[in-house]
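# A structural model of the following input is requested.
(2 chains)
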Amino acid sequence: MRHDAQWYRDQMNQLEKQLTATDREWFAELREYATFGALLRDETAVDAQLYAMMTDLLAAEHDGEDAVTLFGKAPKEMTDAILKQLPPASWQSSVQLIGIITGISWLVLLIGGGLTDGAMTINLLSYLAVPTLTTLMILGILKAVRAQIYTTVRLLKSRVVGFLVLWLLMMLYIGGTLALVTLMPPVLVLKIPFGWDLLVVGLATAVAYWLIRRVHDQLFTPMAFMALVIGAMTMLRLWWQATHFVPRWVIGTIVVVVTVGALIIYSIWMRRAAKRQQV
Amino acid sequence: MKQTQLLKGVLDGCVLAILAQHESYGYELMQTLHHYGFTSVVGGTLYPLLAKLEKQGDVTGTIKASPDGPDRNYLTLTPQGAATLADFQQQWAQIQAQVASVMGEGQHEA
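Below is the predicted model:
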């Protein structure tokens, strides 16, 4: 009998509790390393493989062995070798992932609204370039998190360094996005009048939220939260640009404080979601 | 020469031969290999190999109830795996004869 990825994950979350503390930690690292490295692999195949290994570890523990005796001293190399053999992700899930990345990228662009003080603008070239940058950022984050797991450099294993690296990547991404939006030549630019811009941003927010929540993965929930925050801030700013209902510094402060706060919550939430998925 | 280097290519055939006798799961396969003297084989070698055999279509995994523990992924030999095993056995017999012949001559010369 074959099961879906969620079944394997639920079973592992239960079985993990039966492992010894040392092996539980050992296997949690293995799961994290395999999961973050399997973005382009079939999710069910990856979880089925991990489940088989966990049940084997339980049997080995029953015979008085442990994870190192069973799997050897090179878990990183073993996992890399296994992942190479597992089937790639289906084109549907790849398209869904690209759709999510593109949707989120477009929301980020909608926040900028062409970075004008007046009407919102859409530069089509930016709308192609930013999803590419977003993909690179996600790959960078996954690579950074993975590299931290089996590093032999103790400093790199610390939570503080991990958080700083993720924060740096996020800052690079935001800076890169702003650079792309401001420096992109104004070829094929659309101007959206007030009223319609709120509708466009509202709809884009709803669609992005719906797409992210459809994934049914805890790892994506923080992204859904970010999408809502970004959408709300965009609409607030566009509304202000058309009506100037409060002084500029008030709206500027609100947008900056809420966005930075949301980014901090997002980073912490993302990290916890990754951990929770292994518990 | 290290035993692991000699084992490359041979272990696939051994695993297929064990699975030809009865279905099994990773840990049990490891124990069987250890029983036959392949004590240097650890999960780092076996699990990528099993994943490769499954990818090639030589073995297939099925989740089944286990008498002593949680449901396990039992591996069975496919018809293609049986054909791969037959090929291996033929090639192994040939290599074994060739190596024995070389070694025999070496011993005579010594």
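
# state the phi and psi torsions of residue A:209.
phi -60, psi -50 (degrees, to the nearest 10).

# tell me who's in contact with it.
Residues near residue A:209 by CB atoms under 8 Å, 6 or more residues apart in numbering or on different chains: A:224, A:227, A:228, A:231. C-beta: built from backbone N, CA, C; applies to glycine.

# which positions in the helix or strand where residue A:235 lies come out as buried?
Element membership for residue A:235, per DSSP states H and E: helix A:221-243. Across helix A:221-243, burial judged by 16 or more other CB atoms under 10 Å in any protein chain shown covers A:221-235, A:237-242.

# next SSE after it?
Where DSSP H and E defines the elements, the next helix or strand beyond helix A:221-243 is helix A:248-276.

# for chain B, see how far away residue A:234 is.
According to CB to the nearest CB, to the nearest Å, residue A:234 and chain B sit 46 Å apart.

# now the angle from the helix holding residue A:235 to helix A:248-276?
170 degrees (axes from the mean of the first three to the mean of the last three CA atoms, to 10 degrees).

# ok so, going back, any idea which of the contacts of residue A:209 is closest to chain B?
Proximity of the contacts of residue A:209 to chain B (CB to the nearest CB) peaks at residue A:224, which lies at 31.8 Å.

# which residue is the nearest non-sequential neighbour of that closest one?
Spatial nearest neighbour of residue A:224, excluding adjacent residues (CB to CB, 6 or more residues apart in numbering or on different chains): residue A:212 at 4.2 Å.

# got the buried residues for the helix or strand where the one you found lies?
Applying DSSP H and E as the criterion places residue A:212 in helix A:196-214. Buried residues in helix A:196-214, counting neighbours by 16+ other CB under 10 Å, are found at A:197, A:198, A:200, A:201, A:204, A:205, A:208, A:209, A:211, A:212.

# those residues of chain B touching chain A, which are they?
Proximity of chain B to chain A (CB under 8 Å from any CB of the partner chain) is limited to residues B:25-28, B:30, B:42-45, B:47-48, B:51-52, B:54-55, B:61-64, B:66, B:68-73.

# now the helices: where do they sit in chain A?
Taking DSSP state H as the test, the helices found in chain A are A:5-15, A:21-36, A:43-62, A:67-71, A:75-85, A:91-112, A:124-149, A:154-157, A:159-183, A:196-214, A:221-243, A:248-276.

# and the ones you listed, which one is worst for confidence?
Lowest mean pLDDT within those: helix A:154-157, a mean of 70.

# how big is the angle separating the helix holding residue A:212 from helix A:221-243?
Angle of helix A:196-214 versus helix A:221-243, following the same axes, to 10 degrees, is 180 degrees.

# just the C-alpha atoms of helix A:196-214, please, in PDB.
What follows is helix A:196-214, C-alpha atoms only, in PDB (Å, rounded to 0.1, in the frame of the first residue of the first chain):
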ATOM      1  CA  TRP A 196      -8.800  50.200  -9.600                       C
ATOM      2  CA  ASP A 197      -5.400  49.900  -7.900                       C
ATOM      3  CA  LEU A 198      -7.000  49.000  -4.600                       C
ATOM      4  CA  LEU A 199      -9.100  46.400  -6.400                       C
ATOM      5  CA  VAL A 200      -6.000  45.000  -8.200                       C
ATOM      6  CA  VAL A 201      -4.000  44.800  -5.000                       C
ATOM      7  CA  GLY A 202      -6.900  43.300  -3.000                       C
ATOM      8  CA  LEU A 203      -7.500  40.600  -5.600                       C
ATOM      9  CA  ALA A 204      -3.800  39.800  -5.900                       C
ATOM     10  CA  THR A 205      -3.600  39.500  -2.100                       C
ATOM     11  CA  ALA A 206      -6.600  37.100  -2.000                       C
ATOM     12  CA  VAL A 207      -5.300  35.000  -4.900                       C
ATOM     13  CA  ALA A 208      -1.800  34.800  -3.300                       C
ATOM     14  CA  TYR A 209      -3.200  33.800   0.100                       C
ATOM     15  CA  TRP A 210      -5.400  31.200  -1.500                       C
ATOM     16  CA  LEU A 211      -2.500  29.700  -3.500                       C
ATOM     17  CA  ILE A 212      -0.200  29.500  -0.500                       C
ATOM     18  CA  ARG A 213      -2.900  28.000   1.800                       C
ATOM     19  CA  ARG A 214      -3.600  25.400  -0.800                       C
END
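
# and that helix, how far out from the chain's middle?
Averaging C-alpha positions (CA atoms, centre = their mean, to the nearest Å) puts helix A:196-214 18 Å from its chain's average.

# quick one: the helices in chain B?
Under DSSP H, chain B gives helices at B:3-7, B:10-21, B:26-35, B:43-56, B:79-109.

# deepest of those helices, which one?
helix B:43-56 (a mean of 21; mean count of other CB atoms under 10 Å in any protein chain shown).

# now do that one and helix B:26-35, the angle between them.
Going by the same axes, to 10 degrees, helix B:43-56 makes 120 degrees with helix B:26-35.

# can you list contacts of helix B:43-56?
With CB under 8 Å, 6+ apart as the test, helix B:43-56 has contacts from A:49, A:53, A:56, A:70-75, A:77-78, A:81-82, A:84-87, B:4, B:7, B:11-12, B:15-16, B:26, B:29-30, B:33, B:59-61, B:75, B:80-81, B:84.
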